[in-house]
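Trainee: Give me a model of this one.
(chains A, B and C)
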Amino acid sequence: MSVPPVAEVAATDREYARKETDHGLNARRIGHVIMELKDITLRFGGVTAIRGVSFDIREGEIRAIIGPNGAGKSSMLNVINGFYHPQEGEVWFRGQRRGPLKPHEIAHQGIARTFQNIALFRGMSTLDNIMTGRLTKMRANMFWQALWSGRAEAEEIEHREKVERIIDFLEIQAIRKTPVGRLPYGLQKRVELGRALAAEPKLLLLDEPMAGMNVEEKQDMSRFILDVNDEFGTTIALIEHDMGVVMDLSDRVVVLDYGSKIGDGTPDEVRTNQAVIDAYLGVSHD
Amino acid sequence: MGFLTDPFFWEVVVSGLLAGVMYSLVALGFVLIFKASGIFNFAQGVMALFAALTLVGFLEGQLPFAHVINWMLGTDYHHWYEPAGGGGPAAPVWFVLLSVALTTAVMVALAWAIVRLVLRPLVNQEGIILFMATIGLAFVLEGLGDLMWGANVKALDLGLPSGPSDWIIDNTGMFVEKLELSAAIVAVILVTALTLFSQYTKMGRALRAVADDHQAALSVGISLETIWWIVWSVAGIVALVAGIMWGAKSGVQFSLSLIALKALPVLMLGGFTSIPGAIVGGLIIGVGEKVFDFYVGTTYLGGATENWFAYVLALVFLLFRPQGLFGEKIIERV
Amino acid sequence: MARPYAGRDTFPKLLLANAREKGSLPASREKEYGIWQSWTWAEVAAETRALSLGLTSLGLKPGQSVAIIGTNRPRLYWSIVAAQMAGAIPVPVYQDSVAEEMQYVLDHAGVSFAVVEDQEQVDKILSVQDRLPTLREVIYVDPRGLRNYDHSAMHAYDQVQAAGRAAEADLGSELDARIAAGKGSDTCVMLYTSGTTGKPKGVVLSHDNILITSRAAADFDHLTERDSILAYLPMAWVGDFIFSMGQAYVKGFSVACPESADTMMADLREIGPTYFFAPPSIFERLLTTVTIRMEDAGPTKRWLYRTFMDHARACSAKRKAGQALSLGDRFMYLLGEIFVYGPLKNTLGMSRVRVGYTAGEAIGPDLFEFYRSIGINLKQLFGQTEASVFITQQPDDGVDPDCVGVPTPGVELRIDEKTGEVFYRSPGVFREYYRNPEATAETKDAEGWVATGDAGFIDERSGQLRILDRAKDVGRLKDGSLFAPKYVENKLKFFPNILEAVVFGHERESCMAFINIDLSAVGNWAERNNIAYGGYAELAAHPQVYAMIEKNIEETNRSLAEDPMLSGCQITRFLVLNKELDADDGELTRTRKVRRRIIAEKYAPLIEALYGGRDSVFAEIEVTYEDGRKGRISGNLEIRDVRTFPRREAVGRAA
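Mentor: Alright, predicted model coming up:
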């Protein structure tokens, strides 16, 4: 895998997009760095969850974050998505250094995510759930919306069409109108993926997308993840426990253990890395 | 089943229904806030009082904070404007509407201030702490109302129709207050509007999303503070409507804030998270206490059962269905 | 022979005629991205022509064959006629067949082109492509996931159409000539029957076979251009070809395709077809969902449902007995229509159904009566691929649940006196089995009579044909009494808890059965009763499930005892299988018919245990998973005795 040089600095989103076009990058091929984390340290009171971790995510790739329980994987995802703010370190996204933004502001920047323990709006239908994923894309002003104006209606139809394409893509037409609380686990996971996709994210974070699934459901989910990456060119960062799945899916893997980075590279490189092997075999730490 | 043909029975039921509408309105404010932020807003009753005070103040052309200003500057201003007819029924319609609009604006501003000064600093705190904060808020609002508009009892008259409805007397022989009837109509309109808003608009979808799952709502780009602001504003407007209705009936006075206590059994009955629950619960309590008082209370218990019957009903209910009629499972945040 | 339908004797010519005369009427509908799209006859003609030109420009020659593989989609239906326009022969293939089965059919039919739905089908073809020497081009409808495939012999449907439009000037007149040259006696389609034994056979049907039969049957039911149908059964099945192609083209009515297999029920409700066909298994599944829902409903609803369904059944019984309905009965029925039958028909998507058919297997009389009693004109027909479906069908005013109807106009019937096997001769009789003259000669004699393989007789009461069972399956018990396994199995399958049943008894002392529980019904029951279970096998073996099944069988025995002909078929012992009978394991056909012989071989030890009088048996069974891997399921199965009843004992019912 050959990759272009590290991300350039860009003052604005638009400038970054222009540079991207200048490079002539194909969305489906792995491009330059879209997100870079530099020396991230995160503490909760006296506990250090992440200790000086740096890595990057390149455009169009599937990047896995793995590690034993308590390694700080979920904390890392929460840092990227803005639920946690690291005490030290820098987060660079699309050529700009990111300030202490709130999660919903980060969502507006184009980072969508799913959760380990499915966080769906249980009272709503599949369709409404995925529709909420479009919120960041809705232009019509709230007050126009409240008045249900013609403009808002036209927009609603446009969003509905996008959502329908996702429903088609994920093959969940049959549960379109079903309240998600009534769906089996595997389908809920798929709806959650659909909601994240609806935001047309520039970076998609998946927190253990296959946790608690049976073999068949895992296969389905893997296929959807690969298809998302392939069809939409979406950059994906995922946490996963199932090593087999990770190695099959991802382009590059970063390995965390006790909050520190112990490995980073292609699946093959990581597999042969002695520190990684030790961590997974439970060799004791000093 | 003889009582079913008794016109008195029906008159009692209707008056109970109309009183229940008032309870429902207050309970509705509670439910909105509880659903969106998990906070049991003790100050909901005081918000109704504050809204009614503000509206009366505007209607009478009172100068806000007149006492403070006069005390500090040694002046003796009380009114900035003398509406024709003293703000009574004779006041021009535009003036009434302007006053209502100004009051609404005050409630929205109040919601903003509450989000900024109370909710934001206390984010992620225990439910009990937020509950205590709303108790504090109730006292602050009460004081603020006094400070702005003075503490005396005021009559509220928007020129709404009052007196018994002749049409209903002629046709059914029942005695029904026009004022209560218009309260019921307003409540129906309000609930319909709220339902449409929450089902069919982007904001409504965001509101339901926040009510279901905070984290997920954040992750799809919903700003919790904006939602809280909107919810508290809507609750403020609901409080204003409740305040207008209650105030027109019994005058604007401190006891208004106590109707919040009547809302509690309503919520137990209807469930803390259900809008239809709040409505139905209010109606059941309203009818129940009136019918009980009429048939049992005055005859055997010496009357005045209305003060406690609602709580007994709610307690009995709790034994059989702790989550309320429409409620979801009990949430530990209460 | 006079040809009143000259100029309409082939599908391509009919399409042109429909585009001319019914140009603005809807012809195809499909739900895509949640919205129903629709095409008029004129648009369908244009789309089909574009595809046909595209195929021609890719080199499709007259006489070659074109495989069509996928779920029901307008574009695939168009490709059938597009192939015919170009002079080629369409061969629809079951879309759920595994690569091996597909390879056999494609190779046997000598297919040169394949029009397929999506990546799944493309992958299957690619996996066996080295054993398909004649296959040249693959055309796919849905491009998803196919972008990075080698496109040297693969094309997107849209692009083929675009190429066809561009080639209009060059190839247009050539195509017109090919269409005009088409004759009614030309091959219209080749349909491979799944068959209960051996390799599938390619049934060759001409345009005359299909169109004359379609016309006769459509006239019989007064179908018009205003009718509509939902096409949801496999395109490779002759029934779908007759209903969604033959009759739709002949009468010019519209065909809607569901969004996906899972949304079929919702789509049915939205489309509200007036003409509907389903095999008994689907009617059964629909009733099961209704029953489950009613069990979960509140007491008021349950009461309403029970009261009015009882009333509907009572009304039906009176009508059948020739009694007039009283005014009170009618009023109650009207109320029932408002509260129960109407909403029920709406949920089932059958509010507008004017003509409904079922066939394929005998339908349980109670099941059949259920639909008829709520006011759905459900009828039975008796048909075969070799007959272009229609042999007999029931007229609107002559529906007897035990019979399958009178001969469709143009059909002659004959019943062999010795074996009781039914023979027929009709304009729909197939030309031949492709490349299999021996089988053709076995089935069709020199005078054109075809053996159905079913035993039956003409019912004296109604004058209609009554089918007993497969001719080769009707057997005798040791004591010489009649053994009709399918009849009994159907009775059993009417219970919502029973998905499949296999009854043994030929040349034995008594009948015994294997039962498959219905996971959705029994699982739902278990959930409601807080019965924990780890999986299918555990649920199937649960003592309470056994008790439930035992009661069902007992009831079946009771009703069998009432029929003097069949009282010997009462079931004396049974066991519940710990795996579902499955087409992937060869136990069922693709149309879910029991493959008796294969089951008897595979489960021989279990059958021996049944008849050996043991009360349990250890079973180890091979299963095939969806991805083709094989595994084994093993466990102890309980065997239970069931109470039987003396012949004609009717006391229990009356009590």
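Trainee: quick check, C:Tyr357 in a strand?
Mentor: Yes. Under DSSP: H, G, I helix; E, B strand; the rest coil, C:Tyr357 falls within a strand.
Trainee: Quick check: beta-bridge partners of it?
Mentor: Counting by DSSP bridges, C:Tyr357 is bridged to C:Phe277, C:Lys379.
Trainee: What parts of the stretch 51-200 of chain A come near chain B?
Mentor: Taking CB under 8 Å from any CB of the partner chain as the criterion, the neighbours of chain B within the stretch 51-200 of chain A are A:81, A:83, A:102-105, A:107-108, A:112-113, A:115, A:119-124, A:128, A:131-133, A:135-136, A:138, A:140, A:142, A:145-146, A:148, A:152, A:195-196, A:199. The way it works is simple: take the backbone N, C-alpha and C, and place the C-beta from them, glycine included.
Trainee: switch to 6 Å and redo it
Mentor: With CB under 6 Å from any CB of the partner chain as the criterion, the stretch 51-200 of chain A meets chain B at residues A:103-104, A:107-108, A:113, A:119, A:121-123, A:132-133, A:135-136, A:138, A:142, A:145-146.
Trainee: Going through those residues, which ones are buried?
Mentor: Buried by 16 or more other CB atoms under 10 Å in any protein chain shown: A:103-104, A:107-108, A:113, A:119, A:121-123, A:132-133, A:135-136, A:138, A:145-146, out of those.
Trainee: now the stretch 1-150 of chain B, which segments are flagged as low pLDDT?
Mentor: Flagging of the stretch 1-150 of chain B using pLDDT under 70 yields the residue ranges B:1-5, B:80-91.
Trainee: A:Asn214: neighbour count?
Mentor: A:Asn214: 11 surrounding residues under other CB atoms under 10 Å in any protein chain shown.
Trainee: and if you look at A:Asp56?
Mentor: For A:Asp56, the count of nearby residues is 19 (other CB under 10 Å).
Trainee: Return the backbone torsion pair for the residue located most distally from the centre of chain B.
Mentor: Largest separation from the mean C-alpha position in chain B: B:Gly74, at 37.4 Å (CA atoms, centre = their mean). Reported as degrees, to the nearest 10, the phi and psi values for B:Gly74 are phi 70, psi 20.
Trainee: Relative to chain A, how far out is it?
Mentor: To chain A, B:Gly74 is 44 Å away according to CB to the nearest CB, to the nearest Å.
Trainee: which residues touch that residue?
Mentor: With contact set as CB atoms under 6 Å, 6 or more residues apart in numbering or on different chains, B:Gly74 has no partners.
Trainee: before we move on, what about C:Ser38?
Mentor: C:Ser38 is in contact with C:26, C:29, counting by CB under 6 Å, 6+ apart.
Trainee: So which bits of the helix or strand hosting it are buried?
Mentor: Secondary structure assignment for C:Ser38, by DSSP states H and E: strand C:35-40. Buried residues in strand C:35-40, counted by 16+ other CB under 10 Å: C:39-40.
Trainee: can you tell me the residue of the stretch 251-400 of chain C closest to chain A?
Mentor: C:Asp262 (3.4 Å; CB to the nearest CB).
Trainee: returning to that earlier point: from the chain's centre, how far out does the strand holding C:Ser38 sit?
Mentor: 26 Å (CA atoms, centre = their mean, to the nearest Å).
Trainee: Which SSE is immediately downstream of that strand?
Mentor: Using DSSP H and E, the helix or strand that follows strand C:35-40 in sequence is helix C:41-57.
Trainee: Centre of the chain to that following helix, how far?
Mentor: A distance of 30 Å separates the centroid of the chain from that of helix C:41-57, by CA atoms, centre = their mean.
Trainee: Show me what it is packed up against.
Mentor: With contacts taken as 3 or more CB pairs under 6 Å, 6 or more residues apart in numbering or on different chains; DSSP states H and E, helix C:41-57 sits against helix C:11-21, strand C:26-32, helix C:74-85, helix C:157-166, helix C:168-181.
Trainee: quick one, the following helix or strand past the longest one and helix C:74-85 angle?
Mentor: Under the assignment DSSP H and E, the closest C-terminal helix or strand after helix C:168-181 is strand C:187-193. Between the axis of strand C:187-193 and that of helix C:74-85 there is an angle of 130 degrees, by axes from the mean of the first three to the mean of the last three CA atoms, to 10 degrees.
Trainee: And for the residue in chain C that chain B sits nearest to, the neighbour number?
Mentor: Going by CB to the nearest CB, chain B is nearest to C:Gly298 of chain C, at 14.8 Å. For C:Gly298, the count of nearby residues is 8 (other CB under 10 Å).
Trainee: Next: the one 5 residues further on.
Mentor: As a burial measure, C:Trp303 scores 11 neighbours (other CB under 10 Å).
Trainee: for it, helix, strand, or coil?
Mentor: Here C:Trp303 is recorded as helix under three-state DSSP.
Trainee: for chain A, where's the lowest mean pLDDT among helices and strands?
Mentor: Sorted by mean pLDDT, DSSP states H and E, the helices and strands of chain A end with helix A:142-147, the least confident at a mean of 54.
Trainee: next SSE after it?
Mentor: Following helix A:142-147 in sequence order, the next helix or strand is helix A:150-169 (DSSP H and E).
Trainee: elements contacting whatever helix or strand C:Ala439 lives in?
Mentor: Under DSSP H and E, the secondary-structure element containing C:Ala439 is helix C:437-443. In this structure, helix C:437-443 packs against strand C:432-433, with contacts taken as 3+ CB pairs under 6 Å, 6+ apart.
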